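> Sequence and computational prediction follow.
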Amino acid sequence: MPNSLTPIRMNDLRLVKGERALLDGVNLTIDHPGVTVIMGPNGAGKSLLLRCLHGLISPDRGRITLGPLTVSGSRSRQAMVFQQPVLLRRTALQNLAFAAPELAKKTPQRLFEALASVNLGDRADQPARMLSGGEQQRLALARALLSKPDLLLLDEATASLDPASVLLIESLVKAQSAQGTKVILVSHDQSQARRMADEIVFISNGRVAEQSPAEQFFSAPQTPVAQAYLAGEILF
Ligand SMILES: Nc1ncnc2c1ncn2[C@@H]1O[C@H](COP(=O)(O)OP(=O)(O)OP(=O)(O)O)[C@@H](O)[C@H]1O
């Protein structure tokens with residue numbers, strides 16, 4: 001299925017704060033149609049990379065293209081889900097309606113279907129901020145998927161959820177990927193990465209250390225730093 005935002009190319013990205021290069025010459029092409037999981041130690045630069053892709057941060061140097069588009073030109077075709085969901089002080093349904101006003105006007109049924117898809121069908125009128133953490137995250141995902149984005153970015157989106165919510169979100173993300181959305185997710189959870197990833201990008205010290213098919217990464221990581229990470233030997 002063609003995707004208007006691939007291949008995603010990052011050329012020589014550099015992001016500096018004070019004396020420190022947080023992203024230090026990132027060169028990466030993501031062209032695999034499946035799920036790309038970004039892994040790496042704490043502080044490696046994974047979130048910053050995702051934020052650059054989504055246009056929340058501008059690198060000091062380098063270039064990002066998504067298919068024929070720039071980051072700003074692609075923003076309306078992207079959606080991002082964060083570890084802490086950012087929801088409005090409105091009901092669950094109103095949060096979806098605010099994100100997709102056209103849909104709310106023309107086919108409001110779609111909003112109810114979206115709530116039902118994340119098991120929140122009976123919570124439409126509940127204030128979003130009174131939902132549990134896991135329920136809020138499911139609502140944030142439903143909102144992200146409403147626009148059928150070409151690129152879905154998830155930054156540790158299931159880190160604080162119970163196992164059933166994790167599996168529900170994973171299955172929705174997988175289904176979205178199968179429909180042609182390019183999915184890039186950051187995760188420390190090796191079990192999740194094994195379940196979800198077609199491809200792994202391993203980041204260390206603000207650089208891409210390794211990019212491999214998932215099976216190869218887990219069976220025979222190429223770099224000492226990835227080997228140490230997978231063995232739980234990296235000290236922070
Ligand atoms: N605005 C900022 N100013 C200065 N340093 C920052 C800023 N944002 C992030 N950093 C630093 O950049 C480094 C990379 O941050 P980032 O959040 O991308 O790490 P990460 O790989 O996602 O880590 P984790 O797995 O712990 O979430 C960290 O050392 C962090 O402290």
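Cool, got the structure. Residues are numbered from 1 along each chain as shown.
> what element comes up after the helix or strand containing Ser191 heading to the C-terminus?
Per DSSP states H and E: Ser191 is located in helix 190-196. Once helix 190-196 ends, the next helix or strand along the chain (criterion: DSSP H and E) is strand 199-204.
> residues in contact with the very next helix or strand once past that next one?
Per DSSP H and E, the first helix or strand lying C-terminal to strand 199-204 is strand 207-213. Residues outside strand 207-213 that contact it (CB atoms under 8 Å, 6 or more residues apart in numbering) are 23-28, 40, 45, 198-203, 217, 221-223, 225-226. The C-beta positions use only the backbone N, C-alpha and C, and glycine is treated the same way.
> what residues does the chain put near the ligand?
By the rule CB under 6 Å from any ligand atom, the part of the chain lying against the ligand is Lys17, Leu22, Gly40, Asn42, Gly43, Ala44, Gly45, Lys46, Ser47, Leu48.
> Filter those down to the buried ones and express that as a PyMOL selection.
In PyMOL, the members of these classed as buried (16 or more other CB atoms under 10 Å) are selected with the following command:
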select buried, resi 22+40+44+45+46+47+48
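> now, the most widely separated pair of the residues of the chain next to the ligand?
Spanning the widest gap among these are Lys17 and Gly40, at 18.1 Å by CB to CB.
> quick revisit: quick one: average pLDDT of the helix holding Ser191?
Mean per-residue pLDDT for helix 190-196: 95.
> pLDDT weak spots in this protein?
Scanning the chain with the threshold set as pLDDT under 70 gives 1, 235-236.
> what about the longest helix in it?
If you go by DSSP state H, the chain has its longest helix at helix 163-178.
> Report the distance from the helix or strand following it to the chain centre.
As assigned by DSSP H and E, the chain's next helix or strand after helix 163-178 is strand 182-186. Computed by CA atoms, centre = their mean, to the nearest Å, the chain-centroid distance of strand 182-186 equals 4 Å.
> Tell me where this protein has strands.
Along the chain, the segments classed as strands by DSSP state E run 8-17, 20-30, 35-39, 61-66, 78-81, 151-155, 182-186, 199-204, 207-213.
> now the ones you listed in a markdown table, with distance to Leu145?
As requested, these are exported to a markdown table (distance: least, CB to CB, whole Å):
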| stretch | distance to Leu145 |
| --- | --- |
| strand 8-17 | 19 |
| strand 20-30 | 20 |
| strand 35-39 | 15 |
| strand 61-66 | 19 |
| strand 78-81 | 7 |
| strand 151-155 | 7 |
| strand 182-186 | 11 |
| strand 199-204 | 21 |
| strand 207-213 | 26 |
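> Can you tell me which of those strands is nearest to Ala144?
Closest among the strands of the chain, using CB to CB: strand 78-81, at 3.8 Å.
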